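Chemist: Need a 3D model of the following:
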Amino acid sequence: MPVKTKRVYDKFQKSDGMRILVDRLWPRGVSKRAAHLDEWLREVGPSNALRIWFGHKPERWKAFEARYRRELRTPERQRALKELKHLASKQMVTLLFGARDMEHNNAVVIGRLLGKTAPHGESIRETSTRQRR
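Modeler: Below you'll find the predicted structure:
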């Protein structure tokens, strides 16, 4: 099944499938009710030190991605990623994040690791259909 990424601040859609927040910190200004979460996997979010160092600066993206992938190799995070992969094999999954930058955030890295992500807010299926037109 496809996986998509989406800002937690974006409008909830039934087509999102299972909505999973993958940030370590709760996003500002969003109530749990408004987030329409099915799960919060905070353990897969980047460490505070890495998050602060990155500061969402696009020029640090490649280094952030490499460092974050190393962090995701810990046993606790590997278990969470395995759970995500299992969920994504059975249903549509939307990885939610709080960052403003839709191309440079931890959900993009997680999606790539799952091998199934499409551009922000689209599923793999929607992307391939658009490319064939």
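
Chemist: and stretch 109-125, average pLDDT?
Modeler: Mean pLDDT, computed over stretch 109-125, is 64.

Chemist: for the most centrally placed residue in the chain, phi and psi?
Modeler: Centroid-nearest residue in the chain, with Cα atoms, centre = their mean: Ala107, separated by 2.4 Å. Phi and psi for Ala107, reported as degrees, to the nearest 10, are phi -60, psi -30.

Chemist: now do Trp40
Modeler: When read as degrees, to the nearest 10, the backbone of Trp40 gives phi -130, psi 110.

Chemist: mind listing what the residue nearest to the centre of the chain touches?
Modeler: Counting by Cβ atoms under 8 Å, 6 or more residues apart in numbering, Ala107 touches 5, 22, 95-97. C-beta coordinates here come from the backbone N, C-alpha and C atoms, glycine included.

Chemist: 10 Å instead?
Modeler: The contact partners of Ala107, taken as Cβ atoms under 10 Å, 6 or more residues apart in numbering, are 3-8, 20-23, 44-45, 94-99, 117, 120.

Chemist: now Asn106
Modeler: By Cβ under 10 Å, 6+ apart, Asn106 lies in contact with 5, 22-24, 44-46, 50-51, 54, 64-65, 68, 71-72, 95, 97-99.

Chemist: tally of neighbours for Gln90?
Modeler: Let me fix one detail, which is that residue 90 is Lys and not Gln. For Lys90, the neighbour count with other Cβ atoms under 10 Å is 10.

Chemist: ok, it touching Val3?
Modeler: No. Using Cβ atoms under 10 Å, Lys90 is not in contact with Val3; the gap is 11.8 Å.

Chemist: shared neighbours of these two, anything?
Modeler: 17-18.
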